[in-house]
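In: fold the stuff below for me.
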Amino acid sequence: MNSKNYAAIDIGSCAARLLIKKVDISDTGDVAYTKLFFIRYPLRLGDDVFTIGKVSKERLKKIVTMIKAFKHLMKLYDVDEYKACATSAMRDAKNSKDVIEKVLKSTGIKIEIIDGKEEASIIYNNHVEMVKSMADTCAYVDVGGGSTEVTVIKDGEKIKSCSYNIGTIRMLHLPEEESRQILSRMQEELSAISEKLGPVEMVGSGGNINKMYKILSKKKTGGKRITVTGVTELFGKMNAMSAEQRMETYDMKPDRAEVIIPAAKIFLAVAEALKSTYIYTPVLGLSDGIIDNMCSVAHSVVEKPSDD
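Out: Numbers count the residues shown, from 1 in each chain. Have a look, this model is predicted:
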């Protein structure tokens with residue numbers, strides 16, 4: 001039995017996450033994952049990038065402090081290898097290179113910016129076995145803070161991967177008409193898929209769809225499915241409330257109460273275009289995919305935390 005502890009740092013437009021897993025590989029090649037630690041910090045990187053086009057000095061200080069804390073946690077859990085990735089907001093930030101250099105100099109942690117298609121691929125690959133057991137045709141949909149990734153699968157094979165420049169934090173800062181136009185262009189492209197292949201069921205990813213699942217199913221864990229009709233009705237109720245009312249009624253944290261509305265709009269727009277009836281909700285995301293890639297892809301670039 002070979003065991004290693006892996007960590008993934010995911011710096012998104014809305015939040016940053018640290019996931020640590022123990023990976024056991026048996027002599028026969030069987031792989032078992034055990035989650036050791038997970039933390040989500042509402043960094044809200046997109047609040048800077050989608051308004052002023054760059055990461056502010058104040059936000060950069062928070063990033064450095066956060067990464068230092070993540071580094072200490074990786075040491076506590078004896079992490080052997082890690083990978084730190086940043087997505088949409090950092091892709092768009094004019095000063096992303098300076099931010100990455102500052103973080104590396106201050107913490108010793110190297111952050112890699114991944115593009116939308118790579119992000120979609122990492123997430124999809126982590127769910128490939130589950131997807132193969134579903135309907136003949138389905139779409140993996142990850143709604144982030146700055147972008148939405150859609151991967152279409154037919155007969156277990158990936159046939160299309162798209163990244164759209166629309167996400168929850170970005171929508172909060174865009175004029176309503178501009179958001180509507182982006183969603184319309186996305187729907188036009190996705191509608192062509194459903195017209196060719198027929199109705200496409202969805203696999204939803206991200207904290208917002210998981211929260212909607214918990215509300216609709218009255219359970220505390222994901223892994224099953226909710227109806228698009230149910231999400232539509234829930235959206236109607238939530239959209240009529242203030243953020244404070246959503247926090248109280250649905251036991252949401254402040255940042256979730258704000259971003260769940262644009263998230264629901266995006267999921268419903270995709271569902272309408274794909275003619276979906278259900279949204280399946282596994283509780284796995286980019287962080288899980290990063291760790292899975294480190295274990296399974298021989299040429300992945302991985303780092304070992306320094307002793308600083």
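In: wait, what's in contact with Arg44?
Out: By CB atoms under 8 Å, 6 or more residues apart in numbering, the contact list for Arg44 reads Cys14, Ala15, Arg59, Gly145, Ile169, Asp255. No exception for glycine: its C-beta is placed from N, CA and C like everyone else's.
In: turn these into a markdown table, including neighbour count.
Out: Output for these, formatted as a markdown table (neighbours: other CB atoms under 10 Å):
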| residue | neighbour count |
| --- | --- |
| Cys14 | 30 |
| Ala15 | 23 |
| Arg59 | 19 |
| Gly145 | 30 |
| Ile169 | 28 |
| Asp255 | 19 |
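In: would you turn those residues into CSV with pLDDT and distance to Tyr213?
Out: Output for those, formatted as CSV (pLDDT from 0 to 100; distance: CB to CB, whole Å):
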residue, pLDDT, distance to Tyr213
Cys14, 91, 18
Ala15, 92, 18
Arg59, 97, 31
Gly145, 93, 19
Ile169, 95, 21
Asp255, 92, 18
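In: low-confidence regions, the stretch 151-300 of the chain specifically.
Out: Within the stretch 151-300 of the chain, the segments meeting pLDDT under 70 span 219-223, 283-284, 297-300.
In: what ranges do the strands span in it?
Out: Using DSSP state E, counting those that start in this stretch, the strands of the stretch 151-300 of the chain run over 157-164, 201-205, 225-227, 278-280.
In: now these as JSON lines including distance to Lys211 and mean neighbour count?
Out: Below are the strands of the stretch 151-300 of the chain laid out as JSON lines (distance: least, CB to CB, whole Å; neighbours: other CB atoms under 10 Å):
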{"stretch": "strand 157-164", "distance to Lys211": "21", "mean neighbour count": "16"}
{"stretch": "strand 201-205", "distance to Lys211": "11", "mean neighbour count": "25"}
{"stretch": "strand 225-227", "distance to Lys211": "11", "mean neighbour count": "18"}
{"stretch": "strand 278-280", "distance to Lys211": "13", "mean neighbour count": "23"}
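In: okay if I get those as a markdown table plus distance to Lys54?
Out: Formatted as a markdown table, the strands of the stretch 151-300 of the chain follow (distance: least, CB to CB, whole Å):
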| stretch | distance to Lys54 |
| --- | --- |
| strand 157-164 | 21 |
| strand 201-205 | 28 |
| strand 225-227 | 38 |
| strand 278-280 | 35 |
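In: before we move on, the earlier item: from the contacts of Arg44, which two are the most distant?
Out: Farthest pair in those (CB to CB) is Arg59 and Asp255. Separation: 14.5 Å.
In: out of the contacts of Arg44, which comes closest to Lys94?
Out: Arg59 (13.4 Å).
In: not counting its neighbours along the chain, what's nearest that closest one?
Out: Spatial nearest neighbour of Arg59, chain neighbours left out: Asp48 (5.1 Å); criterion: CB to CB, 6 or more residues apart in numbering.
In: ok, now Lys62?
Out: Nearest to Lys62 is Leu43, by CB to CB, 6+ apart, at 6.5 Å.
In: give me the pLDDT value at that neighbour.
Out: For Leu43, the pLDDT comes out at 95.
In: these two touch, right, it and Lys61?
Out: No. If you go by CB atoms under 8 Å, Leu43 and Lys61 don't touch, sitting 11.5 Å apart.
In: more neighbours: which of those two?
Out: A count of neighbours by other CB atoms under 10 Å puts Leu43 above the other of Leu43 and Lys61, at 22 against 12.
In: list the residues that contact that one.
Out: Ile11, Gly12, Cys14, Ala15, Ala16, Arg59, Lys62, Ile63, Met66.
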